[in-house]
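Asker: I would like to see how this sequence folds:
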Amino acid sequence: MNIFTMGGLGLENEEHAGQGGTAPAVCSRKACRAEATWQLLWNNPRIHTPERRKVWLSCGEHRGWLEDYLQTRGLWKETIPFAKTTDPGEAR
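Answerer: Numbers count the residues shown, from 1 in each chain. Prediction:
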């Protein structure tokens, strides 16, 4: 046990702990554990600079719901395909 698995933090990725690999990227929709295939880029203009981009990941099923959520609040900027990289040093 470590600080990341105590109190429920990171328990869903516990099987990957200590393996040197990364946990699979999953959809940001609450309770969805599907593999991510899209990146939804957004920012909150009231608190972020215009060039700042936050990222939510999405599966194909929840892409529309998450885009609508962000667009309704004036936060959505763009949606691009999510390309999983194997080298953490690679830039997108």
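Asker: dig out what the closest residue to Pro81 other than its chain neighbours forms beta bridges with.
Answerer: Once flanking residues are discounted, Pro81 sits nearest to Trp38: 6.3 Å by C-beta to C-beta, 6 or more residues apart in numbering. Glycine gets a C-beta too; all of them are placed from N, C-alpha and C. With DSSP bridges as the criterion, Trp38 is bridged to Ser58, Pro81.
Asker: give me every residue that touches Trp38.
Answerer: 57-60, 63, 79-82 (C-beta atoms under 8 Å, 6 or more residues apart in numbering).
Asker: now do 10 Å
Answerer: 27-28, 56-60, 62-63, 66-67, 79-82 (C-beta atoms under 10 Å, 6 or more residues apart in numbering).
Asker: regarding stretch 32-44, how distant is the last residue from the first?
Answerer: One end of stretch 32-44 to the other measures 24 Å (C-alpha to C-alpha, to the nearest Å).
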